[in-house]
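Trainee: got a predicted structure plus its sequence, pasted below:
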Amino acid sequence: MDSITITRPDDWHLHVRDGEQMHAVLPHSAKQFARAIIMPNLKPPVVTTDTALAYRARILAALPATLQSGFEPLMTLYLTDNTPPAEVIRAKASGVVHGVKLYPAGATTNSDAGVTDITKCYATLDAMEQNDLPLLVHGEVTDPDVDVFDKEKAFIDRILAPLTQRFPNLRIVFEHVTTRDAVAFVKQTSNAIAATITAHHLLLNRNAIFQGGIRPHYFCLPILKRETHRQALLEAATSGNPKFFLGTDSAPHSQANKENACGCAGIFTAHAAIELYATAFEQAGALEKLEAFASFHGADFYQLPRNKDVITLKKDRWIVPEYFEFAGEKLIPLYANTGLTWRLT
Ligand code: DOR
Ligand code: ZN
């Protein structure tokens, strides 16, 4: 196969940052995706519907003229210990907020204002269940006694499984799953729970972080896992199971903030997102499964219409640039200076 045409995909988990940085990264996503779920972990975080609406307006204003009507940001709120149930009602009524994101406090980039104790959120989660507003979760515990590679599994056991029991009708997206444990949990739990999978977790295992030295551009959270877990993710993504769908978690940080004694977590993949997924699906011999994963399952779960137009990918080798301009700094993309075989036309 040297060309594939699929319904235009959506990105169900994306960081576009703000200001000049947003201007630099947004066109990459807007040229391939119709819509994206926009993460709220700005500084300060997007905790109210009003700030989500203002952020949405800034995103729309930052789109290049040619993409102005072709990309829709789907907004989210950042859950805190103090998010009032009334905010859930406002969010739902806005029509532009499509989920509330749970960051356990301290789990990842800009999560300090996140949730310290999930029981503090019960009234708000109850309002989300009643109003059918999905909960999006960063599924890692923050307990320093838990090994970094086990934080996702511990989150399932300690937080997520009890939560699905307590709120059986709350729709939940388990974001960027990285382990076979998470895949098994999502499969065996009710249809109220689904999961996104990133391209980098489909393409790489944890060896990438230590290939001949420490490689900060392969550092993200949840951290890359061992090969058996990558295989489980590939199997889930290519299975046709509607509980699994595309979410890049493209997370830009400047080169200086990555190549640092305390480097930031996040891998920038928006420059070639659909090409990277196509590469992973092709390696698994399952290119024919890409469209449903990238363009149908997420829209169906979020109860939004599937896109009508199409994109075409061609077999055409190209070299990923060494860097992109990033508000006066450099942004190093995944596979910088490396050849990719699929290209969006
Ligand atoms: O690697 C990550 N980067 N994981 C996250 O959860 C947050 C993200 C970011 O915002 O940089
Ligand atoms: Zn993320």
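Mentor: That came through, no problem. Numbers count the residues shown, from 1 in each chain. Ligands and ions are numbered 1, 2, ... in the order given.

Trainee: how about the contacts made by Thr238?
Mentor: 281, 284, 286, 289, 293 (Cβ atoms under 8 Å, 6 or more residues apart in numbering). In this view, the C-beta of every residue, glycine as well, is placed from N, C-alpha and C.

Trainee: if we use 10 Å, what do you get?
Mentor: 202, 244, 280-281, 283-290, 292-293 (Cβ atoms under 10 Å, 6 or more residues apart in numbering).

Trainee: how about those in JSON lines, adding pLDDT and distance to ligand 1?
Mentor: JSON lines is the format used below for these (pLDDT from 0 to 100; distance: Cβ to the nearest ligand atom, whole Å):
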{"residue": "Leu202", "pLDDT": "99", "distance to ligand 1": "15"}
{"residue": "Phe244", "pLDDT": "99", "distance to ligand 1": "19"}
{"residue": "Ala280", "pLDDT": "98", "distance to ligand 1": "18"}
{"residue": "Phe281", "pLDDT": "98", "distance to ligand 1": "22"}
{"residue": "Gln283", "pLDDT": "98", "distance to ligand 1": "23"}
{"residue": "Ala284", "pLDDT": "98", "distance to ligand 1": "24"}
{"residue": "Gly285", "pLDDT": "98", "distance to ligand 1": "29"}
{"residue": "Ala286", "pLDDT": "98", "distance to ligand 1": "26"}
{"residue": "Leu287", "pLDDT": "98", "distance to ligand 1": "27"}
{"residue": "Glu288", "pLDDT": "98", "distance to ligand 1": "30"}
{"residue": "Lys289", "pLDDT": "98", "distance to ligand 1": "26"}
{"residue": "Leu290", "pLDDT": "98", "distance to ligand 1": "24"}
{"residue": "Ala292", "pLDDT": "98", "distance to ligand 1": "26"}
{"residue": "Phe293", "pLDDT": "99", "distance to ligand 1": "21"}
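
Trainee: secondary structure for these - can I get that in a markdown table?
Mentor: Shown next, in a markdown table, are the contacts of Thr238 (DSSP: H, G, I helix; E, B strand; the rest coil):
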| residue | secondary structure |
| --- | --- |
| Leu202 | helix |
| Phe244 | strand |
| Ala280 | helix |
| Phe281 | helix |
| Gln283 | helix |
| Ala284 | coil |
| Gly285 | coil |
| Ala286 | coil |
| Leu287 | helix |
| Glu288 | helix |
| Lys289 | helix |
| Leu290 | helix |
| Ala292 | helix |
| Phe293 | helix |
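
Trainee: so how far is the longest strand along the chain off the chain centroid?
Mentor: The single longest strand within the chain, with elements called by DSSP state E, is strand 310-319. Centroid separation for strand 310-319 versus its chain: 23 Å, with Cα atoms, centre = their mean, to the nearest Å.

Trainee: pLDDT of the next helix or strand after that strand, averaged?
Mentor: With elements assigned by DSSP states H and E, the helix or strand that comes after strand 310-319 is strand 324-326. Mean pLDDT, strand 324-326: 98.

Trainee: kindly provide the distance from Ala294 to ligand 1.
Mentor: From Ala294 across to ligand 1, the span is 21 Å (Cβ to the nearest ligand atom, to the nearest Å).

Trainee: now do the SS call for the nearest residue in space to that residue that is not next to it in sequence.
Mentor: Distances taken as Cβ to Cβ, 6 or more residues apart in numbering put Pro9 closest to Ala294, at 3.7 Å, once the chain neighbours are dropped. Pro9 falls in the coil class when you classify it by three-state DSSP.
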